[in-house]
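In: predicted model follows, preceded by the sequence.
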Amino acid sequence: MKKIQAVRGMHDILPQQTPLWQFLEDTVRDVFSRYAYQEIRMPILEQTALFKRSIGEVTDIVEKEMYTFEDRNGDSLTLRPEGTAGCVRAGMENGLLHNQVQRLWYQGPMFRHERPQKGRYRQFQQIGLETYGMAGPDIDLEVILISARLWRQLGIQGLELQLNTLGTAEERNNYRQELIGYLAAHRDQLDEDGLRRMDSNPLRVLDSKNPDMQALIESAPAMMDHLSEESRQHFRQITDGLDAAGIDYVINTRLVRGLDYYSRTVFEWVTNQLGAQGTVCAGGRYDGLVEQLGGRATPAMGFAMGVERLVALLETLEIQPAGSSVDAYLVLMGEAASTEGMLLAERLRDALPALKLQTNCGAGSFKAQFKKADRSGARVALVLGDDEIANGIIGIKWLREEREQAALEQAELVSFLERL
Ligand code: ATP
Ligand code: MG
């Protein structure tokens, strides 16, 4: 029989990896809540039209990456390729956006039919943050400061903050015309995607990953030179704020982001430690999206992080979460100890909420149990057998250090483990 395997580009996250994932998720949750952001959870499936209308028809995602299918009623549904569209939809549908200020975050799997490679998968995890109802540069700054604090709290150093501004829709339109002119004059250097997008979505051409087009992209006219004084001011307030906060950045005038709905501020956090897939966090302002989806004009700003890439970075930097392993392993010899031991373990967990205690199940010889104790990563083995039960004591055996084995009164066990 042919073996059934996981779908290409979709991965299991194994038990030895989850401590790092949890460390990341816990840190994110902590940082977001310190800025008073609230979690929102959206469905993984949405109507296909939501993504076509928000992300834009002429984008990599909508053109070739979506998992789209008809359900049993013949409705076209899509596994979400990103979280912003669903968040806006949820906000509109539940009356969270109109005349209100919202600071939200979400987390979950996203799906894109891309060519799987390191840092690029078909199911991947994003953690995103979205704000609504705030038009000023202050919230843009807050959002970037949150991301910067996250790296600090995770212990990640060496990320580069790249910043750009795309102006307002009107400014971008003027720029667009000039860019089309430039691309048309260099038609012979465009690849197939470039030719197709030149007229329909010329900014997207700047986002091309094709190395043969980088020279052309480098010399293209820059949005920065087409800004109104107001947009310039908006951008300057962000860079002034970053300067004052001591956060380094570089201005990358080619940064346009892969999605269509951005306006004004866009940014990415990039590492050079993960090879080609170096962007770990990307975001920006998207003031036009709510209206584009049929709601009332609402300013919006947010970002999304690629969790696989961040976990890979934590691994590369050898950042280890503290306290993820077992503290103590309870070895149980004989039938009486098997029940007594379970109850003892329960009492210990009642008394010591931080204790990570693993109890031996399935009996086994002394040797076999100690092997399991060793493999658990525990620092100490607690031994309970008929003798210990009879005398109200417990054996202590150190698993990781040269220390005399000992016996303790069971009554002293809690304070012993506390000191551990
Ligand atoms: P890229 O240019 O790498 O394709 P993108 O612009 O398509 O990225 P976004 O839609 O902005 O990416 O998603 C935000 C973040 O999610 C990215 O910066 C990245 O960290 C992560 N990400 C995007 N696509 C994938 C994927 N296929 N596999 C793993 N992580 C991804
Ligand atoms: Mg992409």
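Out: Nice, thanks for sending it over. Ligands and ions are numbered 1, 2, ... in the order given.

In: tell me which residues touch whichever residue of the chain sits closest to ligand 1, please.
Out: The nearest approach of the chain to ligand 1 comes at Gly306, 2.2 Å away (Cβ to the nearest ligand atom). Backbone N, C-alpha and C define where each C-beta goes, glycine included. Gly306 is in contact with 119, 124-126, 279-281, counting by Cβ atoms under 8 Å, 6 or more residues apart in numbering.

In: try 6 Å
Out: Contact partners of Gly306, counting by Cβ atoms under 6 Å, 6 or more residues apart in numbering, are Val280.

In: for it, phi and psi?
Out: phi -90, psi 110 (degrees, to the nearest 10).

In: same question, the one 3 residues further on
Out: Taking degrees, to the nearest 10, you get phi -70, psi -40 for the backbone angles of Arg309.

In: and it, how many neighbours?
Out: For Arg309, the count of nearby residues is 22 (other Cβ atoms under 10 Å).

In: cool, and Gly377?
Out: Neighbour number of Gly377 under other Cβ under 10 Å is 15.

In: how much space between it and Ala328?
Out: Gly377 sits 11 Å away from Ala328, taking Cβ to Cβ, to the nearest Å as the criterion.

In: kindly report the same for Gly395.
Out: Gly395 is 12 Å from Ala328, by Cβ to Cβ.

In: can you pull the buried residues of stretch 60-73?
Out: Residues of stretch 60-73 classed as buried by neighbour count (16 or more other Cβ atoms under 10 Å): 60-62, 65-66.

In: sorry, back to before: give me the beta-bridge partners of the residue of the chain closest to ligand 1?
Out: Beta-bridge partners for Gly306, by DSSP bridges, are Gln126.

In: around ligand 1, pick out the residues from this structure.
Out: Within the chain, the positions lying close to ligand 1 (Cβ under 6 Å from any ligand atom) are 82, 112, 114, 119-121, 124, 126, 257-259, 277, 279-280, 282, 304, 306, 308-309.

In: could you chop this structure up by domain?
Out: Split into domains by automatic domain parsing, the chain comes to 18-168+228-316, 328-419.

In: which of the ones you listed sits most buried?
Out: Scoring the domains of the chain by mean neighbour count under mean count of other Cβ atoms under 10 Å gives domain 18-168+228-316 as the most buried, with a mean of 18.

In: packing partners for the helix or strand of the chain with the lowest mean pLDDT?
Out: The helix or strand of the chain with the poorest confidence is helix 60; it has a mean of 85 (mean pLDDT, DSSP states H and E). With contacts defined as 3 or more Cβ pairs under 6 Å, 6 or more residues apart in numbering; DSSP states H and E, helix 60 has no helix or strand neighbours.

In: how far off centre is that helix?
Out: 21 Å (Cα atoms, centre = their mean, to the nearest Å).

In: same deal with stretch 59-76?
Out: Centre to centre, stretch against its chain (Cα atoms, centre = their mean), the figure for stretch 59-76 is 24 Å.

In: who touches that stretch?
Out: For stretch 59-76, the surrounding residues in contact (Cβ under 6 Å, 6+ apart) are 48, 52, 55, 77-79, 81, 111-114, 260.

In: hmm, 7 Å instead?
Out: 47-48, 51-52, 55-56, 77-79, 81, 111-114, 204, 258-260 (Cβ atoms under 7 Å, 6 or more residues apart in numbering).

In: the helices in the stretch 151-300 of the chain, which residues?
Out: 169-185, 192-200, 202-205, 214-218, 229-245, 289-292 (DSSP state H, counting those that start in this stretch).

In: same question, the stretch 1-150 of the chain
Out: Under DSSP H, counting those that start in this stretch, the stretch 1-150 of the chain gives helices at 18-34, 48-55, 60, 84-93, 137-154.

In: so what touches the longest one?
Out: What it means is helix 137-154. Contacts for helix 137-154 (Cβ under 7 Å, 6+ apart): 24, 27-28, 31, 35, 129, 131, 159, 234, 237-238, 241-242, 245, 247, 265, 267, 269, 281, 283, 285, 301-303, 314, 319.

In: export only the CA atoms of that helix, formatted as CSV.
Out: Taking C-alpha atoms only, helix 137-154 is exported to CSV below (Å, rounded to 0.1, in the frame of the first residue of the first chain):
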residue,chain,number,x,y,z
PRO,A,137,1.9,58.7,12.3
ASP,A,138,1.7,58.1,16.0
ILE,A,139,0.1,54.8,15.6
ASP,A,140,2.5,53.8,12.8
LEU,A,141,5.3,54.5,15.3
GLU,A,142,3.6,52.5,18.0
VAL,A,143,3.2,49.5,15.8
ILE,A,144,6.8,49.6,14.8
LEU,A,145,7.9,50.1,18.4
ILE,A,146,5.9,47.0,19.4
SER,A,147,7.7,44.9,16.8
ALA,A,148,11.1,46.3,18.0
ARG,A,149,10.2,45.5,21.6
LEU,A,150,9.3,41.9,20.6
TRP,A,151,12.7,41.3,19.2
ARG,A,152,14.3,42.7,22.3
GLN,A,153,12.2,40.5,24.6
LEU,A,154,12.9,37.4,22.4
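
In: that helix to helix 18-34, inter-axis angle?
Out: Put simply, helix 137-154 runs at 150 degrees to helix 18-34, going by axes from the mean of the first three to the mean of the last three Cα atoms, to 10 degrees.

In: now the angle from helix 137-154 to helix 229-245?
Out: 30 degrees.

In: next one: the second one
Out: Between helix 48-55 and helix 229-245, the angle comes out at 90 degrees (the same axes, to 10 degrees).

In: what packs against helix 48-55?
Out: Judged by 3 or more Cβ pairs under 7 Å, 6 or more residues apart in numbering; DSSP states H and E, the packing partners of helix 48-55 are strand 76-79, helix 84-93, helix 289-292.

In: any chance of these in a markdown table with mean pLDDT as columns?
Out: What follows is these, written out as a markdown table (pLDDT from 0 to 100):
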| stretch | mean pLDDT |
| --- | --- |
| strand 76-79 | 98 |
| helix 84-93 | 97 |
| helix 289-292 | 93 |
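
In: in JSON lines, list the ones you listed along with distance to Met342.
Out: Shown next, in JSON lines, are these (distance: least, Cβ to Cβ, whole Å):
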{"stretch": "strand 76-79", "distance to Met342": "43"}
{"stretch": "helix 84-93", "distance to Met342": "45"}
{"stretch": "helix 289-292", "distance to Met342": "55"}
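
In: alright, calling it a day.
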